[in-house]
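# requesting a structural model of the entry that follows:
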Amino acid sequence: MNTILSPTANPKKSLQDIAFDLPGRFPIARWAPIPLRLIVGFGFMEHGFAKLSKGPDAFATILHALAVPAPHFTAWFTILTELLGGLAIFLGAFVSLVSLPMAALLLVAIFTVHLPYGFSSIKLLAVTAAGAQFGPPGFETDLLYLACLTALVLGGSGPLAIDGLLAKRREITRPSMQTGGA
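Just a heads-up that it's a prediction; the model follows:
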């Protein structure tokens, strides 16, 4: 038995085992994508609902001021991507597919809106009797969303995801198709 506490243990190998096999040591780790899906999905849907509630024309006006081409089309594309993409991420459905336009929206937001304001998403300007006053947010939150989407695409959407149900369905139908044709 060669454990990390053993005097004969190879410390480098033991540290590698701990660092790279951590999810394998804890079965609960397979549930890690769920909070990512929930917060990213809810966050995107919330932003889509906010744009929709103010009216797509109001968002198109903002896009026009930023010199975004085809502002009305882009406004609707953004709103639908946030609503439908957010719902898909929330449910764990087609995560790899919907992550592409969602990542594109985040990158556009970083380079057209948030980049001039730096990294931090919280810019406390003052605290008055009316409460805290904040300045424009930086690109920190967009990077966090991008990191979560990347983790979900590379690591999978986890249990209780539609993607997992679809994968199981493909596994069930694939053998019957192979045996049926022979």
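
# in this structure, which spans are helices?
Secondary structure of the chain, counting by DSSP state H: helices at 11-20, 22-25, 33-54, 56-65, 71-80, 86-91, 95-109, 140-155, 162-180.

# pick out the shakiest of those helices, pLDDT-wise.
Within the helices of the chain, the least confident segment by mean pLDDT turns out to be helix 22-25, at a mean of 65.

# circling back to that earlier point, which one of the helices of the chain lies nearest to Pro116?
Nearest to Pro116, of all the helices of the chain, is helix 95-109, at 12.3 Å by Cβ to Cβ. Every C-beta, even on glycine, is put in place using the N, C-alpha and C of the backbone.

# now the residue positioned nearest the centre of the chain: how far from Ile39?
Geometric centre of the chain, nearest residue: Leu149, 3.1 Å, by Cα atoms, centre = their mean. Computed as Cβ to Cβ, to the nearest Å, the Leu149 to Ile39 distance reads 11 Å.

# quick check: the residue nearest to the centre of the chain touching Ser99?
Yes - with contact defined as Cβ atoms under 8 Å, Leu149 reaches Ser99; the gap is 4.6 Å.

# appreciated, that's everything.
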